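*Asks:* Here is my input; please provide its structure:
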Amino acid sequence: MNVEIETVESLARYLMLGGIVLFLIGGGAYLAAKFGLPLGRLPGDIRIEGENGSFYFPIATSILVSVVLTIILNLISRFIQK
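*Replies:* Numbering: from 1, shown residues only. So this is what the prediction gives:
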């Protein structure tokens, strides 16, 4: 019986953490749009539009977001380890 309760509590913690992370990502996207940052429209983002459809692949934006998140997570992990 205790194993089931611990599993549910663990799942609840992960769901709340996931919600917080999604909230922060949404807030960051909102602020980026509010301040006019051209995320999704950077040089290097691929956009092909045709008569029957379109294709969009944000390579430069993905690299930029990856670098920023890597720096932030490294700083957080260094503060946690100290």
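
*Asks:* low-scoring stretches of the protein, by residue?
*Replies:* The model of the chain has pLDDT under 70 over residues 1-3, 82.

*Asks:* can you list the domain ranges for it.
*Replies:* With automatic domain parsing as the criterion, the domains of the chain are listed as 1-36, 38-82.

*Asks:* would CSV of the ones you listed with mean neighbour count be doable?
*Replies:* Heads up, the C-betas are built off the backbone N, CA and C, glycines and all. CSV is the format used below for the domains of the chain (neighbours: other Cβ atoms under 10 Å):
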stretch, mean neighbour count
domain 1-36, 10
domain 38-82, 11
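
*Asks:* Need the residues that contact stretch 59-67.
*Replies:* Stretch 59-67 is contacted from outside by 39-40, 42-46, using Cβ atoms under 8 Å, 6 or more residues apart in numbering.

*Asks:* tell me which of those residues is nearest to Gly26?
*Replies:* Out of the contacts of stretch 59-67, the one with the shortest distance to Gly26 is Leu39. That distance is 13.3 Å, counting by Cβ to Cβ.

*Asks:* C-terminal to the lengthiest helix in the chain, what's the next element?
*Replies:* In the chain, taking DSSP state H as the definition, the longest helix is helix 2-34. Counting by DSSP states H and E, the next helix or strand C-terminal to helix 2-34 is strand 46-49.

*Asks:* That next one - contacts with which helices or strands?
*Replies:* Applying 3 or more Cβ pairs under 8 Å, 6 or more residues apart in numbering; DSSP states H and E, one finds that strand 46-49 makes contact with strand 54-57.

*Asks:* Now find how far off-centre the helix or strand that the strand it packs on is followed by is within its chain.
*Replies:* Of the helices and strands lying after strand 54-57 in sequence (DSSP H and E), the nearest is helix 59-81. Distance of helix 59-81 from the chain centroid (Cα atoms, centre = their mean, to the nearest Å) equals 10 Å.

*Asks:* what do you get for stretch 66-82?
*Replies:* The gap between the average C-alpha position of stretch 66-82 and the chain average comes to 14 Å, counting by Cα atoms, centre = their mean.
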